[in-house]
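Undergrad: here is a sequence with its predicted model. Questions after.
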Amino acid sequence: MNTPELHVEEVRVQGHPCLAVDRGGPRVVITTDVGPRILTVSLPDGTGDGLLASLPDLRIERPGWPRFQLHGGHRLWAAPEVPEGTYLPDDGPLTVEHDADGVSCSYRDPVTGLLRTIRLAPTVDSVIVDHTLANHGAAVMEVAPWAITMCTPGGEAWVPRFVGATDPHGVQSNGSIVTWPYTRLADERLVLDDPIIRLRGVAGAPSPCKIGIAGSVDWIAYRLGDAVLVKRVTFIEDATYADLGASLQCYSGGDFLEIETLGPLVGLAPGESISHRETWSLHAVATALDSDEALRALGLDQG
């Protein structure tokens, strides 16, 4: 079967010049002037419209620091989260390249010398999203690719927990749940179910909640109405991950919910780079299906 030709279209979203990219299946829109940010993902029938959070006025402002604009959508950061290096403006200019296989957008931070690249390679039923950090500075950087997708509140994130054995007798630990100082396990948005942990996005929630999973897990998802976005990754067993090993993370705040994946933590020497791949798939489910039924329908219940 012939692979449909890559379709790339110049569009404007939230006032930004962007490229819309697809092969007849999931369509993603990426900024070409700031970020880069993936601002939307949708199917040809409109499924997924509005799933990614649109936050054109959301800023991080701290006394004495430059203002950082989040924009919403999907972004690439470098873990671990250190405000002095994490919350630096990325307002351009970008380097944009595209070929027969996909589109790449890159931003080099003038302070740290870190070059961040998001590359989109759509297929007929998914989008391969490659995240690359390259050290263009003068010193070794301890970093990990950190892929963060900001979703519109009102839905529910699904975070799987590995339940298999790691030894022949099934008596040794197999993973951990990671928390942050502001995490409260009694938070009504958080359901520590088994094997899928759930975290709801509630607009206007007064305090954040975040949960992470360390262990052999390879997907995370968000459902909003009739749309489910699934991000799949490859967990590397012998790698070191930031945040106590939490390679999957989920954050629920008042304006958005984030589903996050991390690549390995490495000492990146000048001239070196590290990449982290997510494969996105977008699915339609009947709104009448409850959470458990939707998980089963998509084969994500791990049952």
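TA: Alright, I've got the coordinates.
Undergrad: show me where the stretch 101-250 of the chain has helices.
TA: With DSSP state H, counting those that start in this stretch as the criterion, the stretch 101-250 of the chain has helices at 242-245.
Undergrad: just the strands in it please.
TA: Along the stretch 101-250 of the chain, counting by DSSP state E, counting those that start in this stretch, strands occupy 103-108, 114-122, 127-135, 141-151, 156-160, 176-179, 190-191, 196-200, 209-214, 219-224, 227-232, 248-252.
Undergrad: which elements pack onto the first one?
TA: If I follow you right, that is strand 103-108. The helices and strands touching strand 103-108, judged by 3 or more Cβ pairs under 8 Å, 6 or more residues apart in numbering; DSSP states H and E, are strand 16-22, strand 27-31, strand 95-98, strand 114-122. Quick note: C-beta positions are derived from backbone N, CA and C, even for glycine.
Undergrad: which strands or helices does whichever helix or strand comes after the second one pack on?
TA: Scanning the chain past strand 27-31 towards its C-terminal end, the next helix or strand to appear is strand 38-42 (assignment: DSSP states H and E). The criterion is 3+ Cβ pairs under 8 Å, 6+ apart, and the helices and strands that strand 38-42 contacts are strand 27-31, strand 273-284.
Undergrad: run the angle between the first one and strand 127-135 for me.
TA: Orientation of strand 27-31 against strand 127-135 (axes from the mean of the first three to the mean of the last three Cα atoms, to 10 degrees) gives an angle of 30 degrees.
Undergrad: what's the average pLDDT for strand 27-31?
TA: Taken as a whole, strand 27-31 has an average pLDDT of 98.
Undergrad: again with stretch 170-190
TA: pLDDT averaged over stretch 170-190 gives 95.
Undergrad: next, the distance between the ends of that stretch.
TA: 28 Å (Cα to Cα, to the nearest Å).
Undergrad: point out where the stretch 201-303 of the chain drops to low pLDDT.
TA: Applying pLDDT under 70 to the stretch 201-303 of the chain flags residues 303.
Undergrad: could you rerun that using 80?
TA: 302-303 (pLDDT under 80).
Undergrad: got it, and the stretch 51-200 of the chain?
TA: Looking at the stretch 51-200 of the chain by pLDDT under 80, you get 59-66.
Undergrad: again, only this time at 90
TA: Filtered on pLDDT under 90, the stretch 51-200 of the chain yields the residue ranges 56-70, 83-89, 91-92, 111, 162-164, 166, 174-175, 194.
Undergrad: out of the helices and strands packed on strand 103-108, which gets nearest to residue 42?
TA: Closest approach to residue 42 among the helices and strands packed on strand 103-108 is made by strand 27-31 (5.5 Å; Cβ to Cβ).
Undergrad: looking at the helices and strands packed on strand 103-108, which is closest to residue 221?
TA: That would be strand 27-31 among the helices and strands packed on strand 103-108, by Cβ to Cβ, at 16.7 Å.
Undergrad: now tell me what touches the closest one from outside.
TA: Contact with strand 27-31 is made by 11, 13, 16-22, 36-44, 71, 73, 94, 103, 105, 118, 120, 122, 127, 129, 280, as judged by Cβ atoms under 8 Å, 6 or more residues apart in numbering.
Undergrad: including mean neighbour count and distance to residue 50, could the helices and strands packed on strand 38-42 go into a markdown table?
TA: Below are these laid out as a markdown table (neighbours: other Cβ atoms under 10 Å; distance: least, Cβ to Cβ, whole Å):
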| stretch | mean neighbour count | distance to residue 50 |
| --- | --- | --- |
| strand 27-31 | 25 | 13 |
| strand 273-284 | 19 | 12 |
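Undergrad: looking at those, which is nearest to residue 158?
TA: Residue 158 sits nearest to strand 273-284 of all these, at 12.1 Å, using Cβ to Cβ.
Undergrad: now do the helix or strand just after that closest one: everything it contacts.
TA: Next along the chain after strand 273-284, taking DSSP H and E as the criterion, comes helix 291-297. Contact partners of helix 291-297, identified using Cβ under 8 Å, 6+ apart, comprise 156, 158, 196, 198, 223, 228, 285, 289, 301, 303.
Undergrad: from those residues, list the buried ones, please.
TA: Among the contacts of helix 291-297, those classed as buried by 16 or more other Cβ atoms under 10 Å are 156, 158, 196, 198, 223, 228, 285, 301.
Undergrad: thinking the second one is in contact with residue 221, fair?
TA: Yes - using Cβ atoms under 8 Å as the test, residue 158 is close enough to residue 221 to be in contact (4.5 Å).
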